[in-house]
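Undergrad: Any chance you can model this:
(one chain, ligands or ions: 1)
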Amino acid sequence: MASDLPTEHRALVLEAVGEGLNVKNIPTPKPGLGKAIVRITAAGILSYHNEIFGGTRQYNLPTPIVGGISAIGRIVNVGEDATVLKPGQLVYVDCLIRSRDNPSDMFLTAVHGGLTEGSQRLFRDVWRNGYWAEYAQAPLENCFALDENRLCNELGYTIPDILYICHMLVGFGGLRDIDLKPGETIIICPATGGYGGSAVQAAIGMGARVIAFGRNEKELARIKEHVLRGTPNASIETVKMTGDEMKDAAALKAFGESDAVLDFSSPQASKSPHVKSATWALRRGGRISLMGWNEDPMNASVVVGMDITLKGKFMYDRDDIVIFLKMLERGLFPRGKNFVDTKLFKLEDWKEALDVAAAHAGIGKFVAFTP
Ligand SMILES: NC(=O)c1ccc[n+]([C@@H]2O[C@H](COP(=O)([O-])OP(=O)(O)OC[C@H]3O[C@@H](n4cnc5c(N)ncnc54)[C@H](OP(=O)(O)O)[C@@H]3O)[C@@H](O)[C@H]2O)c1
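TA: Residues are numbered from 1 along each chain as shown. Got it, this is the predicted structure:
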């Protein structure tokens, strides 16, 4: 389907790790089968983008590269094999790309090339550039139509606020993977980070009771306040993490047996015993989703003795996105500032944007570019 695309557009480019970013004019991707060209409206930033681009967090990243994670934008052009998407449609553009002939080759475009030779080649040679740009190409299956009238007019979300779902979806993927059910109790740890905090919101939307477990008491109090402001009937408890395995286990057990645990340890938390503490608080047959970097989560005597399931999870499945969007469109999550406080930046202000993203993290906080 033909449309007017400029030959060049502005994008935020990393030439080499450790060398900062530059706004540059680069060629606009060409339309073709199997892909959409999207005019980007809002493009998300990670709290640890500075660590990735500065090299302190070593992700396998080809350079030069246009940065980014997921985005929201308007379709400008779709390949002739599209049957639903049309120019003008508002879409959520997901950054998790899968090989079409081997979906287990998966990677996060512009962030991490994944663990297989196939995913790394697909990243390097085909879907390299991210969405910190005026225009971007994405596989058709990564573009999810948004009901703009329902979300923006009836429910009152702004387009950048909707993009906060790219954080919530990650925890949602882990929670669905361990089959969290309404009414169950889940311990989320550490709950005070960007992904941990947004997972608390996802679990509350799924009807679970949440025990937010983290080191920072002030942030734990903010989590509780944020949840109850948006969802006054929610069941939310907090437990301070001290690093003492058995003391923390007792504090968690004071709320009764839990059904499940979701872990989002950052690399800095890799040696923390908090997953072991949480394991002590599980009922027989409890489930644990490991989504972070905890290197020592296994409490063998409890895992074996209590029939505990430990599962790793990378991101989410495509179905999870479809279901999450239905939940959002049905109004199952709070609105306005009770949902998220989003800070927006122009591409030129990338340095400030990435610094603000590192600080403005945690439940209901999000930072994005508006290219
Ligand atoms: N599986 C996946 O698909 C997937 C997807 C996205 C991200 N992740 C991973 O999830 C990790 C967490 O993401 P995030 O956005 O929540 O990170 P973040 O915003 O950087 O937050 C880091 C969290 O770790 C806690 N922490 C740091 N050092 C700790 C320690 N020594 N002991 C206990 N807690 C500690 C922090 O607690 P304080 O507030 O007390 O500092 C905070 O809650 C990321 O590093 C990322 O690699 C995985």
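
Undergrad: per-domain residue ranges of this structure.
TA: The chain breaks down by automatic domain parsing into domains covering 8-164+340-369, 168-312.

Undergrad: end-to-end on stretch 13-27?
TA: Using Cα to Cα, to the nearest Å, the gap from the first to the last residue of stretch 13-27 comes to 12 Å.

Undergrad: Let me see the residues that make contact with it.
TA: The contact list for stretch 13-27 (Cβ atoms under 8 Å, 6 or more residues apart in numbering) reads 7-12, 53-55, 61, 63-67, 133, 347-348, 350-351. C-beta: built from backbone N, CA, C; applies to glycine.

Undergrad: Switch the domains of the chain over to TSV; also include mean pLDDT.
TA: Listed next are the domains of the chain as TSV, based on pLDDT from 0 to 100:
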stretch	mean pLDDT
domain 8-164+340-369	97
domain 168-312	97
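
Undergrad: got those domains as CSV, with distance to the ligand and mean neighbour count columns?
TA: Formatted as CSV, the domains of the chain follow (distance: least, Cβ to the nearest ligand atom, whole Å; neighbours: other Cβ atoms under 10 Å):
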stretch, distance to the ligand, mean neighbour count
domain 8-164+340-369, 4, 19
domain 168-312, 2, 20
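
Undergrad: Please tabulate those domains in CSV, including the columns distance to residue 328.
TA: CSV is the format used below for the domains of the chain (distance: least, Cβ to Cβ, whole Å):
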stretch, distance to residue 328
domain 8-164+340-369, 7
domain 168-312, 9
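
Undergrad: Out of those domains, which is closest to residue 332?
TA: Closest approach to residue 332 among the domains of the chain (Cβ to Cβ): domain 168-312, 5.0 Å.

Undergrad: Show me the contacts of stretch 13-27 that map onto helices.
TA: When DSSP state H is applied, these are split such that 53, 54, 350, 351 fall in helices.

Undergrad: so which pair among those is furthest apart in space?
TA: Top of the distance list for the ones in helices among the contacts of stretch 13-27 (Cβ to Cβ): 54 and 350, 12.8 Å.

Undergrad: Secondary structure element holding residue 38?
TA: strand 35-44 (DSSP states H and E).

Undergrad: Please name the strands paired to that strand in the sheet, noting orientation.
TA: Counting by DSSP bridges, the strands paired with strand 35-44 are strand 71-78 (antiparallel), strand 135-139 (antiparallel), strand 365-369 (antiparallel).

Undergrad: for the spatially most central residue of the chain, what are its contacts?
TA: In the chain, the centroid-proximal residue (Cα atoms, centre = their mean) is residue 167; its distance is 2.9 Å. Contacts for residue 167 (Cβ under 8 Å, 6+ apart) come out as 44, 194, 195, 198, 366.
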